[in-house]
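Enquirer: structure for this input, please:
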Amino acid sequence: MRKFLVVVLSLVAGIAHAQEVNKEEIKKEVVRILDSINKAKETAIIAQPVIEPTLKKEEKDHWYEKISLRGYAQIRYNGLLSTNDKVSCEQCDRSWGTTSTEPDAKSNNGFFIRRARLVFSGQVHPNVYFYFQPDFASSPSTGINNFVQIRDIYFDISFDSKREYRVRVGQSKIPYGFENMQSSSVRLTLDRNDAMNSAILNERDLGAFFYWAPSKIRERFEMLVKDGYKGSGDYGVFAFGVYNGQIANKLDSNRDLNVVTRVSYPFVVGSQIIEPGIQAYTGKWAFTTEISPGVPVNANKQYVKDQRVGATFVLYPKPFGIQTEYNIGKGPRYNKETNSIDVTNINGGYVLLNYKWDLGKQLLYPFAKFQYYDGGKKYEKDARSYVVRDYEIGIEWQPLKALEFTAEYVIADRTFEDSVLPNNRQQGNLLRIQAQFNF
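Expert: Next up is the predicted model:
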């Protein structure tokens, strides 16, 4: 019996000792696992800041954060209430009137796509900005419409962090005339005035231009467009540049570069903003295919004097506005008395009165304009001679940011003469309408 008890007690003691050993091992194992988990957490916390900047850097490199796309299209109809289809303006709108020499000629004033443009732009580098604008509704002289043509392709190179000093290189608008630089998507009247616009066809050429404006004034230029005050855009307070002088999308035909300069400043006067400006250019025009057989040029046709100076005054519509410009100069012009082309004086300008009427989210702009021009147009047939006295009365309605309607009644008195039409004064009236889509 005694032996049996000894054996039992020995087994119980062994089991108890084994349990104590197992508890110690389990405890050590639990501690080891917890230490491993804590170390893994610490490693993840340390690694996390390294991963985040890499992801952010990749997001900043996405192309759509640097390049924007916008555009607009204009569809017109010029066939309402026309009293004389021979009243026309080749520079303005090829669907308006006819230049036919037939006595009973009628114009084909149907629906017409005046502009269809896309704009790609972006600050691709802190000191490099690019702008590319093709037009899908260009109308060459052949009469076939809707050709694709480059309107603008330029790069702005800035020299400071605020981008107050910059040089623009490429094909762009020439800094001459407020209405010339004002976008057609913003302008109230359907066409630009003859007097200032006859300086540069399509307002553009290939060259290099220096622009300067304080950052505060650059913001003001942007606001005057963005907030519906019909601004001209940011072409600097001071501009100076050189360009080919042969209009956009054409090779230069002489070795003489035109020189242009402009000064314009938008002053805040009480609750109003006024912008006076002055501009000038000088150069030599080279005739290519514009001259009819048998029409001599009374100068070296490769180097015909072409120079102008113009003044601008704008009172922005807050709510009543005034916009007026006038220029004088010398340039080629057809002379019907001698059937030749002479270098003569030119002069002309316009006055535009307008009103900005805010109707909640809608905008209404009644306007009236008178324009006068006495001079030639060097890029038209035989440097066509013009005397223009036009009145325009209209209204622009913007029910949506994406949609605008313009109706304009024109009372025209236009004399435009060349070797084919040496005696051609046309007077007449018509109603013109346009729908514009912004996107």
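
Enquirer: make it CA atoms for all contacts and neighbour counts henceforth
Expert: Noted.

Enquirer: what's near enough to touch the most centrally placed residue in the chain?
Expert: The structure's the chain has its C-alpha centroid closest to Ser183; by C-alpha atoms, centre = their mean the separation is 5.3 Å. Residues in contact with Ser183 (C-alpha atoms under 8 Å, 6 or more residues apart in numbering) are 232-233.

Enquirer: so where's the stretch 51-200 of the chain shaky on pLDDT?
Expert: 51-61, 63, 99, 108, 141-143 (pLDDT under 70).

Enquirer: go again with 80.
Expert: Within the stretch 51-200 of the chain, the segments meeting pLDDT under 80 span 51-64, 99-109, 140-144.

Enquirer: just the helices in it please.
Expert: 178-181, 194-197 (DSSP state H, counting those that start in this stretch).

Enquirer: can you tell which of the ones you listed is closest to Gly233?
Expert: Minimum separation from Gly233 across these (C-alpha to C-alpha) falls at helix 178-181, 7.2 Å.

Enquirer: CA atoms of that closest one as PDB?
Expert: The C-alpha coordinates for helix 178-181 follow below in PDB (Å, rounded to 0.1, in the frame of the first residue of the first chain):
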ATOM      1  CA  PHE A 178      -8.500  96.700 -79.200                       C
ATOM      2  CA  GLU A 179     -11.300  95.200 -81.400                       C
ATOM      3  CA  ASN A 180      -8.700  93.300 -83.400                       C
ATOM      4  CA  MET A 181      -7.400  91.500 -80.300                       C
END
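
Enquirer: so how far is that helix off the chain centroid?
Expert: Remark: helix 178-181 is offset 11 Å from the chain centroid, using C-alpha atoms, centre = their mean, to the nearest Å.

Enquirer: what's next to that helix, contact-wise?
Expert: With contacts defined as C-alpha under 8 Å, 6+ apart, helix 178-181 is touched by 173-175, 187, 192-193, 196-197, 203, 232-233, 312, 325.

Enquirer: quick one: which of those residues has the most company?
Expert: Ile174 (30 neighbours; other C-alpha atoms under 10 Å).

Enquirer: quick check: that residue touching Glu203?
Expert: Yes - Ile174 sits in contact with Glu203 when judged by C-alpha atoms under 8 Å, with a separation of 6.1 Å.

Enquirer: rewinding a little: mind putting the contacts of helix 178-181 in TSV, distance to Val304 included?
Expert: Listed next are these as TSV, based on distance: C-alpha to C-alpha, whole Å:
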residue	distance to Val304
Lys173	22
Ile174	19
Pro175	21
Arg187	32
Arg192	25
Asn193	24
Met196	19
Asn197	19
Glu203	19
Ser232	30
Gly233	32
Thr312	26
Glu325	25
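
Enquirer: out of the residues you listed, which comes closest to Asn438?
Expert: Set against Asn438, the nearest of the contacts of helix 178-181 by C-alpha to C-alpha is Arg187 (13.6 Å).

Enquirer: and the residue nearest to the centre of the chain, how far is that from Leu421?
Expert: 33 Å (C-alpha to C-alpha, to the nearest Å).

Enquirer: one more: Phe267?
Expert: Noted for Phe267: a distance of 47 Å to Leu421, by C-alpha to C-alpha.

Enquirer: what do you get for Leu430?
Expert: 22 Å.

Enquirer: now do Val263
Expert: 40 Å.

Enquirer: which of the two has more neighbours?
Expert: Taking neighbours as other C-alpha under 10 Å, Val263 and Leu421 compare with Val263 leading, 20 against 14.

Enquirer: helix or strand for that one, just tell me which one.
Expert: Using DSSP states H and E, Val263 falls within strand 258-264.

Enquirer: which strands or helices does that strand pack on?
Expert: Strand 258-264 sits against strand 238-243, strand 272-285, with contacts defined as 3 or more C-alpha pairs under 8 Å, 6 or more residues apart in numbering; DSSP states H and E.

Enquirer: the last one: which residues count as buried?
Expert: Using 16 or more other C-alpha atoms under 10 Å as the test for burial, strand 272-285 gives 273-285.

Enquirer: dump it to PDB, restricted to CA.
Expert: Extracted in PDB, the C-alpha atoms of strand 272-285 (Å, rounded to 0.1, in the frame of the first residue of the first chain):
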ATOM      1  CA  GLN A 272     -15.900 102.300 -63.600                       C
ATOM      2  CA  ILE A 273     -13.000 100.900 -65.500                       C
ATOM      3  CA  ILE A 274     -11.500 102.900 -68.500                       C
ATOM      4  CA  GLU A 275      -8.800 101.700 -70.900                       C
ATOM      5  CA  PRO A 276      -7.000 104.300 -73.100                       C
ATOM      6  CA  GLY A 277      -4.400 103.000 -75.500                       C
ATOM      7  CA  ILE A 278      -2.200 103.900 -78.400                       C
ATOM      8  CA  GLN A 279      -0.500 101.600 -81.000                       C
ATOM      9  CA  ALA A 280       1.500 101.800 -84.200                       C
ATOM     10  CA  TYR A 281       3.300  99.600 -86.800                       C
ATOM     11  CA  THR A 282       5.500 100.200 -89.800                       C
ATOM     12  CA  GLY A 283       6.800  97.900 -92.500                       C
ATOM     13  CA  LYS A 284       6.800  97.000 -96.200                       C
ATOM     14  CA  TRP A 285       4.000  95.000 -98.000                       C
END
